[in-house]
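Asks: give me the fold of what follows.
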Amino acid sequence: MKIKKFFRHMLGVLFFLILLSASFSAGYFVERSVYKTFDFHLSDYLRHLIALAFGFLIMGGVGYLFSLLAQSKHRRNYIQEVIDALRKISKGDFTVHLNLKIDKEHPFGQVVDHINHMAKQLKQMEDMRQEFISNVSHEIQSPLTSISGFARALQHDQLSQEERSHYLNIIETESIRLSKLSDNLLKLTSLESTNHPFERKSYYLDTQIRNIILACEVQWMEKELDMDVSLDKISIVGDEDLMSQVWTNLIHNSIKFTPNRGKIRVQLRQVDDKAVVKIIDNGIGISKEDQIHVFERFYKADKARERSKGGSGLGLSIVKKIIDMHEGTIFVESEEGKGTVFTIFIPIRLTQKTV
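Replies: This next block holds a predicted model:
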């Protein structure tokens, strides 16, 4: 490689010397032709300067022509690379990245930047799609395996009535889990589409939250939870049915992950033009690492414990989506073993852009 590089340099030097000689020779002959044609009478010194000037002009012109040819060749190569990249993207290969040495402000450089950005976005979407399919398959396969296994076990005549009832209960629980998973998937898909109905109206948020807490009374009474509720009277404009899903999911989660005889506090206050809802529990908590993922689809902070409690990992994703649709925000603060606080900010009046 070093020998090849050396010869390449030597060829470059030789080419430059030939170009230099040819340019100044041509400059000399041009100067002579002009001198004879127009019959100028100049000193030798001036004639020499004019010949030099012609030589520089010719050398510059030849160099410019070579640079145009080189640029044209590079441009053809760049266009071919862009075509190859687009061909790969069209076939589903999103790992493409064009690394062309072009000024980013140049229109062609901007095209290359957009292609790289498009490939990156498509790859992220493809990764998300594959992860989603994998998660759905896993969530469906687990209950189906249980149902199939216990259905086969029920065919044995030697089973006692108690064992038979236990297996039937498991089959029923897993069937309910499948049904709930299906409902949540449909709900989330519908929310993420642009066609989901959004029926805005004015209603009292405190009444809605209070009714949902009362609807969950059986669950929190069964665990002997201390339910501390403090709600200011606040009216908001939003989709009442969708917001009902938010409070149901969050309060159910708090009840589910709070130990027996634990405490849950639900607060509603108005801060400026926003309604602020806090749902605070002293349950098992969420680790710092998991807190940034809790609103992702199918993410479960504690997979083993979540499975035993029948969660699908979609509830908080639905909550986040509905809050976003209402131009609100939701935050989670938590400490393992001490509890979790979900804080939701909802505008009291929606802007016209909300669909």
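
Asks: show residues contacting stretch 215-231.
Replies: The contact list for stretch 215-231 (C-beta atoms under 8 Å, 6 or more residues apart in numbering) reads 205-206, 209-210, 213, 248, 251-252, 255, 258-268. The way it works is simple: take the backbone N, C-alpha and C, and place the C-beta from them, glycine included.

Asks: and that stretch, how far apart are its ends?
Replies: Stretch 215-231 has an end-to-end distance of 16 Å (C-alpha to C-alpha, to the nearest Å).

Asks: how distant is stretch 264-276 from the center of its chain?
Replies: Relative to the centre of its chain, stretch 264-276 is centred 30 Å away, using C-alpha atoms, centre = their mean, to the nearest Å.

Asks: need the contact list for the closest residue to K320 other than its chain neighbours.
Replies: With sequence-adjacent residues excluded and distances taken as C-beta to C-beta, 6 or more residues apart in numbering, K320 is closest to F295, at 4.2 Å. Contact partners of F295, counting by C-beta under 8 Å, 6+ apart, are 316-317, 319-320, 330.

Asks: how close does F295 get to M243?
Replies: For F295, the distance to M243 equals 17 Å [C-beta to C-beta, to the nearest Å].

Asks: ditto for L122
Replies: Using C-beta to C-beta, L122 is found at 35 Å from M243.

Asks: of those two, who's got more company?
Replies: The neighbour comparison of L122 against M243 (other C-beta atoms under 10 Å) goes to M243, with 24 against 15.

Asks: just the pLDDT at I348, thanks.
Replies: I348 is assigned a pLDDT of 89 by the prediction.

Asks: next: V237.
Replies: pLDDT recorded at V237 is 92.

Asks: list the beta-bridge partners for it.
Replies: The bridge-partner assignment for V237, based on DSSP bridges, gives S202.

Asks: before we move on, back to that, which one of the contacts of F295 sits in the busiest neighbourhood?
Replies: L316 (24 neighbours).

Asks: is the nearest residue to T340 once chain neighbours are set aside in a helix, a strand, or coil?
Replies: Distance criterion C-beta to C-beta, 6+ apart; nearest residue to T340, sequence neighbours excluded, is S334 at 4.0 Å. When states are read from DSSP: H, G, I helix; E, B strand; the rest coil, the local structure at S334 comes out as strand.

Asks: how much space between S334 and T258?
Replies: From S334 over to T258 the distance is 12 Å, taken as C-beta to C-beta.

Asks: with D239 instead?
Replies: For D239, the distance to T258 - C-beta to C-beta - is 28 Å.

Asks: K187 too?
Replies: For K187, the distance to T258 (C-beta to C-beta) stands at 25 Å.

Asks: same deal with H114?
Replies: Computed with C-beta to C-beta, the distance linking H114 and T258 is 50 Å.

Asks: could you export the helix or strand harbouring L316 as CSV, CA atoms only?
Replies: L316 belongs to helix 315-325 when assigned by DSSP states H and E. Only the C-alpha atoms of helix 315-325 are listed here, as CSV (Å, rounded to 0.1, in the frame of the first residue of the first chain):
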residue,chain,number,x,y,z
GLY,A,315,-53.1,0.4,31.4
LEU,A,316,-50.6,3.2,31.9
SER,A,317,-50.0,3.5,28.2
ILE,A,318,-53.7,4.1,27.7
VAL,A,319,-53.7,6.6,30.6
LYS,A,320,-50.8,8.6,29.0
LYS,A,321,-52.4,8.7,25.6
ILE,A,322,-55.7,10.0,27.0
ILE,A,323,-53.9,12.7,29.1
ASP,A,324,-52.0,13.7,26.0
MET,A,325,-55.3,14.0,24.1
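
Asks: cool, thanks, signing off.
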